[in-house]
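Enquirer: The sequence and its predicted three-dimensional model are supplied below.
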Amino acid sequence: MKKFAAILLLGMTTFASAQKSSTPMLDGLAVPGFEVKTLPAERFTKLHTAIAPSGAGERWTEIPWVADLQEARQKAVTEKKPLLLWIMDGHPLGCT
Amino acid sequence: MLQTEFVPYAGDQWYLHRQQDEAGKYFWQVAQQGHNRNLSKDITRQGVYAATADGKFLGSLNHSGSPERNLEMMRTALQRFRKFEPQAVRIERDSPQDARYVRTPPKEGLVLNVFSRIPLPVPSGEAWSPNQTTGRDHLWLTAEEKQSLLPTTWQNGLRYPVPPAIAERFIRFHLVDNIRGEPDYWERDHLRQSEMTLTVVDAAKKILRWEGFAQMQRAKTQGAEVRLQGILRYDSKARHFTQFDILSWGTAWGEGTYTGGAPQGRFPLVIALSLAGNRAVDRIPPQASRTVSEYFTAARP
């Protein structure tokens, strides 16, 4: 009986560890799966906040990008500077 | 250096490639001196370019992802620029724009930031994976659509469906895995099941709760099933939402034409929407609004 209980306990512990390690995490927050229909308000807020990018990786958004090419050209004339044109398939500031 | 020595511009070459106006002419003038100049004209000219306002080429490279190469190109471009006489070019700011490719946020409408993530760790043995990045987009609603989200009467517990055109826009164009690049959007026949409702949770404070789910499947290759939950606060005096936070969580699988490298099998996908600010970056049009008529007429017969 004790042996059975030990095996059961070991099995439960292993299962719990596997469950824990397979749970997706974002900034230390467990991310729910589709089977979870609603989230408590606090968990909703924390997860929503964690998804939005922040920190040092966002410094490029502080650059005063001009999104109108004619405006950028006019600015270059006025400020006597060359243009640096970041042109991608999908807007660099709005797409991946 | 970028902020002090250059005028930094960012744009989508899909539009510039097609525009029949002054901006489009300038783009082609510069691009045809750059790294892709020998490719046929239907091929992308994306990349990083340095040029004078009148189109003199100073340097370019494809998007290498290498900060060192970008820096080297910028330094070389500056050296070349300093050899030129001061520019005496006149830029026509008010020249007619090619209306087919003008996208401006809807007047009095709503602009939402849309961020998406795949909450998985970096695969062992790798320093970084494209799946670690954040997908970015905007969602636009017209003034009329914004008003259509409000209840007919502010009564606690009143539950009603999200207008079909808005629900479809959310699902088809924004509940997507755009983490690694431009996504393939869901077509109508990819939608399996969905439901989105709004509920008045505090009539006095004008607070609404958004709830729903959506299941999409493209053949057997790609799909997603996600839940949605959100809190909306409305200021009836200002006639504007002061909070519009929506969270989506669930599972996706497969990859699109330009989004190769998805995690194997089913993987978690989370998306957060919230009110955008008023910076240039906040006015970038939704990626799916390239086909603007489809973006704004979704769900209509």
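Expert: That came through fine.

Enquirer: The chain: strands as residue ranges?
Expert: This is for chain A. Taking DSSP state E as the criterion, chain A carries its strands at A:25-26, A:29-30, A:83-88.

Enquirer: Actually, chain B is the one I wanted.
Expert: So, for chain B - with DSSP E - the strands run B:7-12, B:47-51, B:57-61, B:110-117, B:135-141, B:159-161, B:191-202, B:207-218, B:222-235, B:240-253, B:266-275.

Enquirer: and B:Q79, how many residues sit next to it?
Expert: Using other Cβ atoms under 10 Å in any protein chain shown, B:Q79 has 11 neighbouring residues. In this view, the C-beta of every residue, glycine as well, is placed from N, C-alpha and C.

Enquirer: For residue 23, list the residues it contacts.
Expert: I'll assume chain A. Listed by Cβ atoms under 8 Å, 6 or more residues apart in numbering or on different chains, the contact set of A:T23 reads A:A30, A:V31.

Enquirer: wrong one, I was asking about chain B
Expert: With Cβ under 8 Å, 6+ apart, B:A23 has these contacts: A:D68, A:L69, A:Q70, B:L16, B:Q97.

Enquirer: sorry, back to before: so which of the strands of chain B is nearest B:E168?
Expert: strand B:191-202 (7.8 Å; Cβ to Cβ).

Enquirer: now that closest one: how far from the chain's centre is it?
Expert: Chain-centre distance of strand B:191-202: 24 Å, with Cα atoms, centre = their mean, to the nearest Å.

Enquirer: Could you list the residues in contact with it?
Expert: Taking Cβ under 8 Å, 6+ apart as the rule, strand B:191-202 contacts B:149, B:151, B:154-162, B:167-168, B:170-172, B:207-217, B:228, B:232.

Enquirer: Stretch B:242-249 too?
Expert: A:31-34, A:36, A:39, A:44-45, A:47-48, A:51, B:110, B:112, B:175, B:210, B:226-235, B:268-275.

Enquirer: re the thing from before, intersect the contacts of strand B:191-202 with the contacts of chain A.
Expert: B:E211, B:F213 (Cβ under 8 Å from any Cβ of the partner chain).

Enquirer: closest point of chain A to chain B, which residue?
Expert: Proximity of chain A to chain B (Cβ to the nearest Cβ) peaks at A:G94, 3.1 Å away.

Enquirer: Helices along chain A, start to end?
Expert: For chain A, the helices defined by DSSP state H cover A:2-22, A:41-51, A:69-79.

Enquirer: Where among the ones you listed is average confidence lowest?
Expert: Mean pLDDT across the helices of chain A is lowest at helix A:2-22; the value there is a mean of 48.
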